[in-house]
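Student: Using only what follows, build the 3D model:
(chains A and B)
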There are 2 protein chains.
Amino acid sequence: MKHNRIHNFNAGPAALPLPVLEEIQASFLNFKGSGMSITEISHRSKWFDDVINDAVERTRRLLKINDQYQVLFLQGGASLQFAMIPMNLLAPGKSADYVNTGTWSTNAIKEAKIQGKPIKVVASSEDKNFSYIPKNIPFNADAVYAHITSNNTIKGTQWAEFPDTGRVPIVSDMSSDFMSRPIPMEKFGLVYAGAQKNIGPAGVCLVIIHNDLLELTPADLPTMLKYTTHSTKNSMYNTPPCFAIYTIQLVMKWLEETIGGLDKMAALNQAKADLLYNYMDSTGFYKGTAQADSRSQMNVTFRLPNEDLEKKFVAEATAAGFGGLKGHRSVGGCRASIYNATDINSIQTLVDFMKQFAAKNG
Amino acid sequence: MKHNRIHNFNAGPAALPLPVLEEIQASFLNFKGSGMSITEISHRSKWFDDVINDAVERTRRLLKINDQYQVLFLQGGASLQFAMIPMNLLAPGKSADYVNTGTWSTNAIKEAKIQGKPIKVVASSEDKNFSYIPKNIPFNADAVYAHITSNNTIKGTQWAEFPDTGRVPIVSDMSSDFMSRPIPMEKFGLVYAGAQKNIGPAGVCLVIIHNDLLELTPADLPTMLKYTTHSTKNSMYNTPPCFAIYTIQLVMKWLEETIGGLDKMAALNQAKADLLYNYMDSTGFYKGTAQADSRSQMNVTFRLPNEDLEKKFVAEATAAGFGGLKGHRSVGGCRASIYNATDINSIQTLVDFMKQFAAKNG
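Tutor: Modelled structure (predicted):
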């Protein structure tokens, strides 16, 4: 690979498009003729205004979102959003629905409960180790929002279609499939995504919030924990994570101008996932852990016949130039994360390696 | 200047040492032979463990801090610390003392009050537009902590000596003078610093907290807002801002190995500040806004005879390759921020320019 780079299947932080990295590198000592690095320019400068405004505008165009939504760049990752969402949106006596589809949903539920919010877990796939996405969920019509995790990085499941919640807006953690496909924004009240899977480096969380939900923010919260603080200041109430936002800008540009938008990105991601799942299903050696109808196009989780073979597989794959194939420490097994920036050629190369490994060890 | 870089006097984000930027640039597509960018490696990898552990160890050595303190890398900037400090340290009925020396102190006080904490403002320099550091302050012996802002970026003042608070630990916002000089850590219970002035890019806040204060953290806070969450996980409860922490590691290495430690850094900073203040004091044209005994060695704030001349000064300085000389929008005037990474040669060049400007316009 160019620059001796590996085939990166990391779950996050994860692969970024090589042209994005090359542009950052080339401009790193002198950004746009400013005579400064992107890490040294003022967030109150024209240079940074152009960066953050372009990142917002590209996000809006890619997702086709209207001016009823605000696009924010916040710190603290999805984990801080787990707390901020109920803190901002659930006034005393108000409830929300949560669907539990794995580790991150569980954490989102936990953070609402810590605050004493009377939320309801309306569905869960915990009975089968979170290997599927629940159907026919009894959402409550009086919920302020219905929270889902659109893609479950650790368990390898994904909502193929979003549920019918009636008039209740969906709030979704999209950290691991944000910008991997078009989404019907009109169903959503709030979407959030830690950048470090599909859109940038760690250190920034993109939040898209509808004005109707912004109006729910209580006045007496700590300033940094109120969505309105950030929405009224274009994400610059205090110094934002400038470098991470700049990287997002370049990734959005790559999505628009090189890939050609989210329909094309989705088609590429479908082809990538099909290549890997179809091969796995053709063997008795590699077994997917998610139910077929709930499989993630981003995180392909699988087992080998035994743990010794899994260890050997990961070790030999690492030596052969494949990174990040070990499953999450909480579940074991193997996982190939194939986000937007992972090229289909890397997946074909992995499939070829998997064939050889199965032939030798099957 | 090399790479057509300017003389950067930004208040933050601010100048970083050129060797640090060059090392980041050189390794940006392939970090330490990993075949990945620093933005693409897992925070659970050996590569990143080495980065964060080295950043912590160098911080400990530079500040000579013992194992009773924890070094944390948090998100949300100093502004989130304004809220987290009273949230974590002030149990019901407990109070703390605050000294108000400017914009950021005012915000710290505001965030404690939003939470209904019965804090006491024991001194303020608001009577003279925050142009001095108060003396002989009546600190309360029963306060949980005494909060100060060690350097006031906007007003250009700095605590030359830290106050005697008896047995009460000092909590200090050191965002704009952290690592600019040695500090008597034994006086401090908690020190925090947004990175984007002296130690790195925006997007990470370094927090040093004594174990005695960690023990005060209530159990029922949102997980991300508890210091203990981060102290028990080496700042990796969730994905940390890896790139920003990596930059800090390199800045700390530069401080130790190129500068030679904080005594030497302090001597350099003293010489830099003396050069600029001594020149200003020799003229009737440039007038420092801070009282002489309270002047900051980091942010030199000054006025010219009138606002038109100030505008002209900033415009001509910008054209001549000096950046960031406009005062903060809330106070006007001019400001030269001369953090660690600003070379004394840049200051000499600025003084030469100031002389010429005064001769032409005085």
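Student: What ranges does the stretch 101-250 of chain A have for its helices?
Tutor: With DSSP state H, counting those that start in this stretch, the ranges of helices along the stretch 101-250 of chain A come out as A:103-114, A:211-214, A:227-231, A:242-253.
Student: With mean neighbour count, mean pLDDT and distance to chain B as new columns, can those helices be given to me in TSV?
Tutor: No exception for glycine: its C-beta is placed from N, CA and C like everyone else's. Putting the helices of the stretch 101-250 of chain A into TSV (neighbours: other CB atoms under 10 Å in any protein chain shown; pLDDT from 0 to 100; distance: least, CB to the nearest CB, whole Å) gives the following:
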stretch	mean neighbour count	mean pLDDT	distance to chain B
helix A:103-114	20	98	6
helix A:211-214	16	98	19
helix A:227-231	21	98	9
helix A:242-253	25	98	5
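Student: got CSV for the ones you listed, with distance to residue B:352 too?
Tutor: Listed next are the helices of the stretch 101-250 of chain A as CSV, based on distance: least, CB to CB, whole Å:
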stretch, distance to residue B:352
helix A:103-114, 56
helix A:211-214, 51
helix A:227-231, 42
helix A:242-253, 31
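Student: Write out the residues of the stretch 101-250 of chain A neighbouring chain B.
Tutor: With CB under 8 Å from any CB of the partner chain as the criterion, the stretch 101-250 of chain A meets chain B at residues A:107, A:110-111, A:114-115, A:194, A:196, A:200-204, A:220-225, A:237-244, A:247.
Student: Among those, which are located in strands?
Tutor: residue A:194 (DSSP state E).
Student: which residues of the stretch 251-362 of chain A fall in strands?
Tutor: Here the stretch 251-362 of chain A has its strands, by DSSP state E, counting those that start in this stretch, at A:287-288, A:299-303, A:322-323, A:334-337.
Student: Let me see the contact set for the closest residue to residue A:322 other than its chain neighbours.
Tutor: Leaving out its chain neighbours, the residue that sits closest to residue A:322 by CB to CB, 6 or more residues apart in numbering or on different chains is residue A:7, at 4.8 Å. Contact analysis of residue A:7 by CB atoms under 8 Å, 6 or more residues apart in numbering or on different chains lists A:1, A:321, A:322, A:323, A:342, A:346, A:349, A:350.
Student: What's the PyMOL line that selects buried ones from those?
Tutor: Buried subset of the contacts of residue A:7, written as a PyMOL selection, criterion 16 or more other CB atoms under 10 Å in any protein chain shown:
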select buried, chain A and resi 321+322+323+342+346+349+350
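Student: burial measure for the nearest residue to residue A:328 once chain neighbours are set aside, as a count.
Tutor: Nearest non-adjacent residue to residue A:328, counting by CB to CB, 6+ apart: residue A:154, 4.4 Å away. When neighbours are counted by other CB atoms under 10 Å in any protein chain shown, residue A:154 registers 19.
Student: quick one on the thing from earlier: out of the strands of the stretch 251-362 of chain A, which is closest to residue A:255?
Tutor: Residue A:255 lies closest, by CB to CB, to one member of the strands of the stretch 251-362 of chain A: strand A:334-337, at 17.8 Å.
Student: Restricting the selection to alpha carbons, write the helix ranked longest in chain A to CSV.
Tutor: Counting by DSSP state H, the longest helix found in chain A is helix A:262-281. C-alpha atoms of helix A:262-281 as CSV (Å, rounded to 0.1, in the frame of the first residue of the first chain):
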residue,chain,number,x,y,z
LEU,A,262,-24.7,9.5,0.2
ASP,A,263,-26.6,7.5,-2.4
LYS,A,264,-23.4,6.5,-4.0
MET,A,265,-21.7,6.0,-0.6
ALA,A,266,-24.5,3.7,0.4
ALA,A,267,-24.2,1.7,-2.8
LEU,A,268,-20.4,1.3,-2.2
ASN,A,269,-21.0,0.3,1.4
GLN,A,270,-23.6,-2.3,0.3
ALA,A,271,-21.2,-3.8,-2.2
LYS,A,272,-18.4,-3.9,0.4
ALA,A,273,-20.6,-5.6,3.0
ASP,A,274,-22.1,-8.0,0.5
LEU,A,275,-18.6,-9.1,-0.6
LEU,A,276,-17.6,-10.0,2.9
TYR,A,277,-20.9,-11.5,4.2
ASN,A,278,-21.4,-13.5,1.0
TYR,A,279,-18.0,-15.0,1.3
MET,A,280,-18.5,-15.8,5.0
ASP,A,281,-21.9,-17.4,4.3
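Student: which ones are touching the residue lying closest to residue A:331 once chain neighbours are set aside?
Tutor: Computed as CB to CB, 6+ apart, the closest residue to residue A:331 that is not its neighbour in sequence is residue A:154, at 6.0 Å. By CB under 8 Å, 6+ apart, the contact list for residue A:154 reads A:11, A:102, A:103, A:104, A:299, A:301, A:328, A:330, A:331.
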